[in-house]
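Undergrad: The following comprises the amino acid sequence and a computationally predicted model.
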Amino acid sequence: MPRASSPKRERQYDEIRKSERKRGVPEKRAEEIAARTVNKARARAGEAKTSSRLSRTDISSQKRAGYRRTHGGSGRTRDQLYEEAKERNISGRSRMTKAQLQRALSRKRSSR
């Protein structure tokens, strides 16, 4: 945490760090996530001396986290999709993007 931060930001940092640890994130990474989140919130609120344009204009970290909780992540990774395509022997899979792999796998499922 930066020096001279408010008690509110200290509490916010501690809560985020604890939450990340509960999810199984290593301590050092949890501290980094908490610090970045709090610093971005400080920048958005005008509490930081300097801030990037993105910190001021981007969606807040809290809103983004809430969106992810309600709408879920983006599903399986490209590597996971690629492995399934490999098991199903889909040709051209190495040159496919994630979206193309998803389409190819869904076509293969429906044609079974």
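TA: Nice, thanks for sending it over. Numbering: from 1, shown residues only.

Undergrad: use CA for all of it now, contacts and neighbours both
TA: Noted.

Undergrad: Packing partners of the lowest-mean-pLDDT helix or strand in the chain?
TA: Each helix and strand of the chain was given a mean pLDDT (mean pLDDT, DSSP states H and E); the minimum falls on helix 61-71 at a mean of 76. With contacts defined as 3 or more Cα pairs under 8 Å, 6 or more residues apart in numbering; DSSP states H and E, the packing partners of helix 61-71 are helix 27-44.

Undergrad: Could you check how far Lys49 is from Asp14?
TA: When distances are taken as Cα to Cα, to the nearest Å, Lys49 and Asp14 turn out to be 22 Å apart.

Undergrad: quick one, which of these two is more surrounded?
TA: Neighbours were tallied for Lys49 and for Asp14 using other Cα atoms under 10 Å; the higher tally belongs to Asp14 (18 against 7).

Undergrad: and that one, how far is that from Ala34?
TA: 8 Å.

Undergrad: likewise Arg17?
TA: Noted for Arg17: a distance of 5 Å to Ala34, by Cα to Cα.

Undergrad: go on, Val25?
TA: Counting by Cα to Cα, the gap from Val25 to Ala34 is 11 Å.

Undergrad: who has more neighbours, the two?
TA: For Val25 against Ala34, the residue with the higher neighbour count under other Cα under 10 Å is Ala34, and the figures read 21 against 15.

Undergrad: Distance check, that one against Thr70.
TA: As defined by Cα to Cα, Ala34 lies at a distance of 21 Å from Thr70.

Undergrad: same deal with Ile16?
TA: Remark: distance between Ile16 and Thr70 (Cα to Cα) = 18 Å.

Undergrad: ok, now Lys40?
TA: Applying Cα to Cα, the value for Lys40 to Thr70 is 22 Å.

Undergrad: Those two: who's more crowded?
TA: For Lys40 versus Thr70, neighbours defined as other Cα under 10 Å are more numerous around Lys40 (22 against 8).
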